[in-house]
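> kindly return the folded structure for what I paste below:
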Amino acid sequence: MKKNNEKVEKSLKLLAKSSTIVLIGVILSKIFTYIYRVIIARHFGPEIYGLFTLAFMVTGIFTSLIFFGLGEGLLRFIPLFRGKKEINKIRYVFKFSVKFLFFSSLLGGLLLFLLADTISIKIFHNEGLIIFLKIFSLSIPFSIFLGIFLSIIRSFEKISGHSFISNILQPAINVLFLIFLIFLGMKVNSVIFSHLLSVIVTLSLAFFFCKHKLPKIFKKEHLKKETKKFIKRMLISYSWPIMFAGIIGTIFYWADSFVIGFFENAKSVGYYNAAIPIVMLLMLVPSLFTQLFAPLITREFSKRNREIIKEISKQVVKWIFILNLPLFILMFIFPGTIINILFGKDYLIATNALRILSIGGILSSPVYIFNSLLFMIGKSRLFLANLIISSSVNIFLNVVLVPKYSITGAALATAISWILLTLILFFETKRYLDIIPLRRKMFRVLLASIIPTILALYLRANLTASLISLVSCSFLFILLYVFSMFLTGSLDKNDVMILRTIKRKIISR
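Predicted coordinates:
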């Protein structure tokens, strides 16, 4: 028991350390991503912003299909082989994935290029989308190989490198290319080509990182033919359901924008996508932990340390809840102010959509942890079935609600389907792993938020909406929230241990 406690403490410290690194990266990523989107939305208007969103969505669906789920396959098998010190198997799964995806990515890019006219005119009734899709199709092979190298980097737990490349470099390069091309006078083409160029440059950097930091994976493997066939069969058997899960997951994510684009127009898609990136901030906190959480628990699973996995899962879900709750409350109380500050008053039509989506976002934020636990035990086909069910509900509700309630109906449909998927995954985690990743003290955290929420409602009623008032209110809210958590005894020994570790590091510096 003492040994297990030490391992849990060590793992949590590692997660906290990696999450701090990822936090910096994700914050910068969000800043650059919002700058990129805000420039497009404000400089070119809702129509072009909507076309950009639709092109990004369609390309994402094609990329998910072509990737064949091998990114997730690498994330599962490389940590398993690392735990058993089987470097030759790691080399083989990497080289097989590269060869397979080289041909499929070229085919997929060509297919999207040829179908660009049909998709733009027959489905979205907008000829302006054609050029977006044709240029975006050229980015597919580069995006696929970028995904491979990022999966390799994560699998070897090089979290700082992964965070720097995916969270800082790529979005920063996006913004730089966009501004530079606008300066050159390329107008709308600056939006299209900035995306393509940023993917190419980021891929080059990811490749050189792997070549320098992980040179051993590029060496020749020494395995028998029977072993190679067995590994290939395992990898494909695990990955193909994730391919369909990736496609359906992309459809699940973009169903609302797709249906809005089909029944209404690109401008409505632009309005709606002022709310979506804001509510995605609630996914920021889970992403801080899942960068390392998945390979860490997979490695512990290979060593049959189930109790350690159980404790880590509970603690991480609690941390996600603690950090996301104030963000949700502020988002729910000040949706119009946030939209106006970021995107401008033209996008205030998305205020109610943001409020509804924020409810779905906070309730579904642990979904990444549940996913990682099911993938850990190889339940990729079960996850595919879950996505089929929730995506079907999402599409059905969007088709019913969007024609009647426009973007508010899309938000309601999406929030319901997010919550449904989370509930399904929660009960499956209980069934297959006998893990309920919730701590009782999470209820105390909820109680700790009551007084700060009352303060926020009072300030909203008595202050003029502005950036200064929002920042001031957020600062007071968080200050009172932290104080209330200590007052209600919301923190357990693991929370205190992490806080003391952080305090010691700050003092030592």
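
> quick check: mean pLDDT of stretch 110-119?
Mean pLDDT, computed over stretch 110-119, is 94.

> actually stretch 241-257, not the one I wrote
75.

> same question, stretch 176-187
The pLDDT scores in stretch 176-187 average 91.

> mind showing which ranges of this protein have poor pLDDT?
By pLDDT under 70, the low-scoring segments of the chain are 1-23, 242-243, 245-246, 288, 290-296, 298-303, 380, 494-509.

> hey, C-alpha coordinates of stretch 40-59 in CSV?
Output in CSV follows, covering the C-alpha atoms of stretch 40-59 (Å, rounded to 0.1, in the frame of the first residue of the first chain):
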residue,chain,number,x,y,z
ILE,A,40,-10.4,36.6,-40.0
ALA,A,41,-13.7,37.4,-38.4
ARG,A,42,-13.2,41.1,-38.0
HIS,A,43,-11.1,41.9,-41.1
PHE,A,44,-13.1,39.8,-43.6
GLY,A,45,-16.5,39.5,-41.9
PRO,A,46,-18.9,36.6,-41.0
GLU,A,47,-19.1,35.3,-44.6
ILE,A,48,-15.4,34.6,-45.1
TYR,A,49,-15.1,33.4,-41.5
GLY,A,50,-17.9,31.0,-42.2
LEU,A,51,-16.3,29.7,-45.4
PHE,A,52,-13.0,29.2,-43.5
THR,A,53,-14.9,27.2,-40.8
LEU,A,54,-16.6,25.0,-43.4
ALA,A,55,-13.4,24.3,-45.2
PHE,A,56,-11.6,23.5,-42.0
MET,A,57,-14.5,21.1,-41.1
VAL,A,58,-14.5,19.3,-44.4
THR,A,59,-10.8,18.9,-44.4
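
> now it: buried residues?
Of all the residues in stretch 40-59, those buried under the rule 16 or more other Cβ atoms under 10 Å are 40-41, 44, 46-55, 57-59. In short, each C-beta sits where N, CA and C put it, glycine included.

> same check on stretch 447-459?
Applying a neighbour-count criterion of 16+ other Cβ under 10 Å, the buried positions in stretch 447-459 are Ala448, Ser449, Pro452, Thr453, Leu455, Ala456, Leu459.

> need phi/psi at the third one.
Meaning Pro452. The phi and psi values for Pro452, taken as degrees, to the nearest 10, are phi -60, psi -30.

> put together JSON lines for the buried residues of stretch 447-459, with distance to Ser364 and secondary structure on each row.
Converted to JSON lines, the buried residues of stretch 447-459 look like this (distance: Cβ to Cβ, whole Å; DSSP: H, G, I helix; E, B strand; the rest coil):
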{"residue": "Ala448", "distance to Ser364": "22", "secondary structure": "helix"}
{"residue": "Ser449", "distance to Ser364": "18", "secondary structure": "coil"}
{"residue": "Pro452", "distance to Ser364": "23", "secondary structure": "helix"}
{"residue": "Thr453", "distance to Ser364": "21", "secondary structure": "helix"}
{"residue": "Leu455", "distance to Ser364": "27", "secondary structure": "helix"}
{"residue": "Ala456", "distance to Ser364": "23", "secondary structure": "helix"}
{"residue": "Leu459", "distance to Ser364": "28", "secondary structure": "helix"}
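
> want to try JSON lines for those, with distance to Pro241 as columns?
Output for the buried residues of stretch 447-459, formatted as JSON lines (distance: Cβ to Cβ, whole Å):
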{"residue": "Ala448", "distance to Pro241": "41"}
{"residue": "Ser449", "distance to Pro241": "39"}
{"residue": "Pro452", "distance to Pro241": "43"}
{"residue": "Thr453", "distance to Pro241": "42"}
{"residue": "Leu455", "distance to Pro241": "48"}
{"residue": "Ala456", "distance to Pro241": "44"}
{"residue": "Leu459", "distance to Pro241": "49"}
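
> nearest to Tyr271, of the residues you listed?
Proximity of the buried residues of stretch 447-459 to Tyr271, judged by Cβ to Cβ, is greatest for Ala456, which lies at 25.8 Å.

> mind checking how far the closest one is from Gly25?
Distance of Ala456 to Gly25, computed by Cβ to Cβ, to the nearest Å: 29 Å.

> can you check Phe207 too?
Spatial separation of Phe207 from Gly25 under the definition Cβ to Cβ is 19 Å.

> neighbour count winner among those two?
Ranked by neighbour count (other Cβ atoms under 10 Å), Phe207 and Gly25 place Gly25 first, with 23 against 14.

> helix or strand: which one has that one?
Following DSSP states H and E, the helix or strand that holds Gly25 is helix 2-67.

> same question for Val393.
Going by DSSP H and E, Val393 is in helix 380-433.

> before we move on, what about Tyr253?
Using DSSP H and E, the element containing Tyr253 is helix 225-263.

> re earlier: list just the nearest of the buried residues of stretch 40-59 to Leu374.
Leu374 lies nearest to Met57 out of the buried residues of stretch 40-59, by Cβ to Cβ, at 25.9 Å.

> the closest one contacts Ile260, correct?
No - taking contacts as Cβ atoms under 8 Å, Met57 lies outside contact range of Ile260: 10.8 Å.

> shared neighbours of the two, anything?
Common contact partners of Met57 and Ile260 (Cβ atoms under 8 Å, 6 or more residues apart in numbering): none.

> which residues touch Ile27?
Ile27 makes contact with Leu284 under the criterion Cβ under 8 Å, 6+ apart.

> ok, now how distant is it from Asn167?
Relative to Asn167, and taking Cβ to Cβ, Ile27 is found at 9 Å.

> quick one, phi psi at the residue lying farthest from the centre of the chain?
Checked against the mean C-alpha position of the chain, the extreme residue using Cα atoms, centre = their mean is Lys224, at a distance of 38.0 Å. Geometry field for Lys224 lists phi and psi as phi -70, psi 160, criterion degrees, to the nearest 10.

> which residues touch Gly40?
That one is not Gly; residue 40 is Ile. Ile40 makes contact with Ile48, Tyr49, Phe52, Leu178, Val191, according to Cβ under 8 Å, 6+ apart.

> out of those residues, who's nearest Ile152?
Distances from Ile152 to these, taken by Cβ to Cβ, are shortest for Leu178, at 28.5 Å.

> the closest one reaches Val191, doesn't it?
Yes - Leu178 lies in contact with Val191 (Cβ under 8 Å); the separation is 6.8 Å.

> so what's Gly147 up against?
So, once contact is read as Cβ under 8 Å, 6+ apart, Gly147 ends up touching Thr63, Phe67, Gly71.

> do that again at 6 Å, thanks
For Gly147, the contacting residues are Gly71, by Cβ atoms under 6 Å, 6 or more residues apart in numbering.

> how about it, phi and psi?
In this entry, Gly147 is assigned phi and psi values of phi -60, psi -40 (degrees, to the nearest 10).

> please report how far it lies from Leu28.
Plainly put, Gly147 is 21 Å away from Leu28 if you go by Cβ to Cβ.

> what do you get for Val367?
In this structure, Val367 lies at 24 Å from Leu28, with Cβ to Cβ as the measure.

> next: Trp418.
26 Å.

> is it true that Leu235 touches Leu74?
No - assessed by Cβ atoms under 6 Å, Leu235 is found out of contact with Leu74, at 8.4 Å.

> and Trp418 and Leu28? Which one has more around it.
Neighbours per residue (other Cβ under 10 Å) separate Trp418 from Leu28, with Trp418 holding more: 24 against 17.

> got the contact list for that one?
Trp418 is in contact with Gly360, Ser364, counting by Cβ under 6 Å, 6+ apart.
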